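Engineer: Sequence plus the predicted model coming up.
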Amino acid sequence: MTLIESQYFPCIEYFSFLKNQSEVWIDTKEHFVKQTYRNRCYILSSHGVLPLAVPVKNGNKKIPMEAIEPDYTHKWLNNHWRAIISAYNKSPYFEYYEPYFHDILFKRHQKLLELNMEVLTFCLKTLNIDTTLKLTNEYISVTETSVKDMRSVIHPKKGHEHRNLYTPVPYNQIFGNIFVPNLSILDLLSCAGRGSGSFL
């Protein structure tokens, strides 16, 4: 059993890992962890790498991931969309994915997990990754010997080079002269389109 957390517009490393798994369980019962990919992603803007974080309600309390709600009293939704448009509107493939990502985001999901899962499902289909996703219905302890625990292994505070899950393959990005690896899947899809799978 391979167990991993839900992520918001996951990084390329996340998909690189999933691509090599036949089945993965998404943890819905774990307590939400701040400052992780669970509610944030990183895109490449004209000013460099830009974090996009979804504000959540009661993020400081011990609440299961499945119960965490995006906080729409903040204007994060419009801000995220403007940032995404600004970053990728001139990329070669963004126009093909723009309506899908727009529709997913502006459904205004009541739960962060629902938003993340819809993004993940769409991206896996687009990347032709047939990994089976399942959702946990109870908390799985790390003491279970049959569990491969990947929760919080892919973490923004520790670079991908500290793990052996993803080997960056440069592709043409819109901004800058130096390739920036392991950004959100938004970057790869916008820049590489249907060929994105070969970079995972």
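Structural biologist: That came in fine, so what should we check first? These numbers come from a predicted model, not from an experiment.
Engineer: Which secondary structure state is assigned to residue 77?
Structural biologist: Assigned by DSSP: H, G, I helix; E, B strand; the rest coil, the conformation of residue 77 is helix.
Engineer: residues in contact with the residue nearest to it when sequence neighbours are not counted?
Structural biologist: Nearest non-adjacent residue to residue 77, counting by CB to CB, 6 or more residues apart in numbering: residue 105, 6.3 Å away. (Each C-beta comes from the backbone N, C-alpha and C, glycine too.) Residues counted as contacts of residue 105 (CB atoms under 8 Å, 6 or more residues apart in numbering) are 77, 80, 81, 115.
Engineer: With respect to residue 179, which of those is nearest?
Structural biologist: Relative to residue 179, the closest of the contacts of residue 105 is residue 80; by CB to CB it sits at 23.8 Å.
Engineer: can you count the residues close to that closest one?
Structural biologist: 18 (other CB atoms under 10 Å).
Engineer: Which parts of the protein are strands?
Structural biologist: 2-4, 23-26, 40-45, 48-53, 132-135, 148-149 (DSSP state E).
Engineer: so which of those comes closest to residue 160?
Structural biologist: Per CB to CB, nearest to residue 160 of those: strand 40-45, 11.8 Å.
Engineer: pLDDT on the closest one, on average?
Structural biologist: Average pLDDT, strand 40-45: 98.
Engineer: thinking residue 76 is in contact with residue 54, fair?
Structural biologist: Yes: in this structure, residue 76 is within contact of residue 54 by CB atoms under 8 Å, at 6.0 Å.
Engineer: Identify the contacts common to these two.
Structural biologist: residue 70.
Engineer: In this structure, where's the longest helix?
Structural biologist: Across the chain, the longest stretch assigned as helix under DSSP state H is helix 112-126.
Engineer: lowest-pLDDT helix or strand in this structure?
Structural biologist: The least trusted helix or strand in the chain, going by mean pLDDT, DSSP states H and E, turns out to be strand 148-149, with a mean of 94.
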